[in-house]
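Novice: Attaching a predicted model along with its sequence, questions to come.
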Amino acid sequence: MAKGGYHHGDLRAALVQAASEAVERGGPEAVSLRDLAKTLGVSTAAPYRHFADRRALLSEVAARGFEQLTRDYQRTFEIPDPVAAQREMARLYLGLAFRHPGLFRLMFDSDLLGPGAPPNLTEAAGEAWQALYASVSRIEPDAGEAVLKRRTITGWSTLHGFITLLQGGRLRGFMTEPLTEAELVEAILDKTLITD
């Protein structure tokens, strides 16, 4: 048994959990395998039995974030009205960004999905994309693939751009007043649903 009481195999889950918490507290840059090992009471070499490096651990955290986002997205398909369902999906994306900003940055603003991304992360991100695309397809089931992809990407870009501006402190009062924050969010949600 390893120092700290971890059975072989339990440490992997503990590392992912501890890394997730560190990402929430301080963003992806707050994750250090050495610090996590110390926190968990194991040797500094122990994490490397489960993850080749810090990037591999962060990729696992991001993959789990995409898996949860996909599960959340899939629940919106139970909403009969496809426009209401897509609006709820957009709210879920906003919720991830503002309730879990560290995880959101890891998933959408890091370079983890670049060349050489591990298959589990690529697959998890792809499933989230497919759920988003399927939601747009529900609104106009007879539209062609090019139209649907254009709408999916522009809607997502609108939402993501709004998040970036808000989190970066770029939206000043003189830009948004007299809109309340709720009214501004509703306006952005309306734009994500725009059709040709």
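Specialist: That came in fine, so what should we check first? Numbering: from 1, shown residues only.
Novice: residues contacting Gly27?
Specialist: Pro101, Gly102, Arg105, Leu106 (CB atoms under 8 Å, 6 or more residues apart in numbering). The way it works is simple: take the backbone N, C-alpha and C, and place the C-beta from them, glycine included.
Novice: Which of the three states applies to the last one?
Specialist: Read it as Leu106. Here Leu106 takes the helix state, with states given by DSSP: H, G, I helix; E, B strand; the rest coil.
Novice: ok, so what distance separates the closest residue to it other than its chain neighbours from Met107?
Specialist: In this structure, Leu106 finds its nearest non-sequential neighbour in Pro28, 4.6 Å apart by CB to CB, 6 or more residues apart in numbering. Computed as CB to CB, to the nearest Å, the Pro28 to Met107 distance reads 10 Å.
Novice: Give the residue from these two that has the larger number of neighbours.
Specialist: Between Pro28 and Met107, counting by other CB atoms under 10 Å, Met107 is the more crowded of the two (26 against 21).
Novice: My guess is that one contacts Ala62. True?
Specialist: Yes - Met107 lies in contact with Ala62 (CB atoms under 8 Å); the separation is 5.0 Å.
Novice: okay, and the common contacts of these two?
Specialist: Common neighbours of Met107 and Ala62 (CB under 8 Å, 6+ apart) are Ala125.
Novice: which residues touch stretch 152-162?
Specialist: Counting by CB under 8 Å, 6+ apart, 86, 90, 93-94, 108, 132-133, 136, 188-189, 191-194 sit against stretch 152-162.
Novice: Let's have those in CSV, adding neighbour count and distance to Asp53.
Specialist: Output for the contacts of stretch 152-162, formatted as CSV (neighbours: other CB atoms under 10 Å; distance: CB to CB, whole Å):
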residue, neighbour count, distance to Asp53
Gln86, 25, 38
Ala90, 25, 35
Tyr93, 21, 29
Leu94, 20, 32
Phe108, 20, 21
Leu132, 21, 30
Tyr133, 17, 32
Val136, 24, 37
Ile188, 17, 38
Leu189, 19, 39
Lys191, 15, 40
Thr192, 23, 37
Leu193, 17, 41
Ile194, 10, 42
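Novice: For those, which two are the farthest from each other?
Specialist: Across the contacts of stretch 152-162, the longest distance by CB to CB is 21.5 Å; it joins Phe108 and Ile194.
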